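# Pasted the sequence and its predicted model underneath.
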Amino acid sequence: MYSRVSVMARHLVQPRVIHSLQKAYTQSQLIHTAKANSPLYCSWLQARNLTTSKITSEVKIVTELDEFKTAIDRDEPTIAYFTATWCGPCKMIAPVYNELAEEPGNLTFLKIDVDEAGDIAEEQRISGIPDFKVFKNGELLGGLTGADANGLKALINEHK
């Protein structure tokens, strides 16, 4: 039995992508299910005027120092969110951060748990959480410490 989306997907994408799209039931689920960096998918969306800029980002969880260094050493701005599972203010600001990551833009969003990635937190001299830092080409452009939703939105809008 095929869903409406899987029948539609057969006509729009290559067969190897269909499997990953078969569980999507609405257009918004289809957008979030497909891989944002797929050139075929991007061209399909652009041809149908479903997006006008970069497809929404996902928050990437980083645990290794090398992975972090690679992520911040990009031409696009990268925002790193330092958090911990036990942190109350971090739990309050997390939905705001995730919502901002879903907005179109050129930012890459990272999430680093200071307990799981202590080496990253130590290198970045994180002394309070939640802590947000914006990087581009490995250089620190700005930052914010604390669960200030308006401040976070301003920081992200400044570097979009």
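Happy to help now that I have it.

# tell me the secondary structure for P89?
P89 falls in the helix class when you classify it by DSSP: H, G, I helix; E, B strand; the rest coil.

# got the contact list for it?
Residues in contact with P89 (C-beta atoms under 8 Å, 6 or more residues apart in numbering) are I129, P130, G146, A147. Quick note: C-beta positions are derived from backbone N, CA and C, even for glycine.

# From what I see, the third one and S127 are in contact.
No: the pair G146 and S127 fails to qualify as a contact (C-beta atoms under 8 Å) at a distance of 11.9 Å.

# what about the strands in this structure?
Secondary structure of the chain (DSSP state E): strands at 59-61, 78-83, 108-113, 131-136, 139-145.

# Specify the stretch among those that is closest to M92.
M92 lies closest to strand 78-83 among the strands of the chain, at 10.9 Å (C-beta to C-beta).

# And the closest residue to L65 other than its chain neighbours, how close does it get to G138?
Spatial nearest neighbour of L65, chain neighbours left out: D119 (4.8 Å); criterion: C-beta to C-beta, 6 or more residues apart in numbering. For D119, the distance to G138 equals 17 Å [C-beta to C-beta, to the nearest Å].

# ok, now I79?
I79 is 14 Å from G138, where distance means C-beta to C-beta.

# again with G118
Distance of G118 to G138, computed by C-beta to C-beta: 21 Å.
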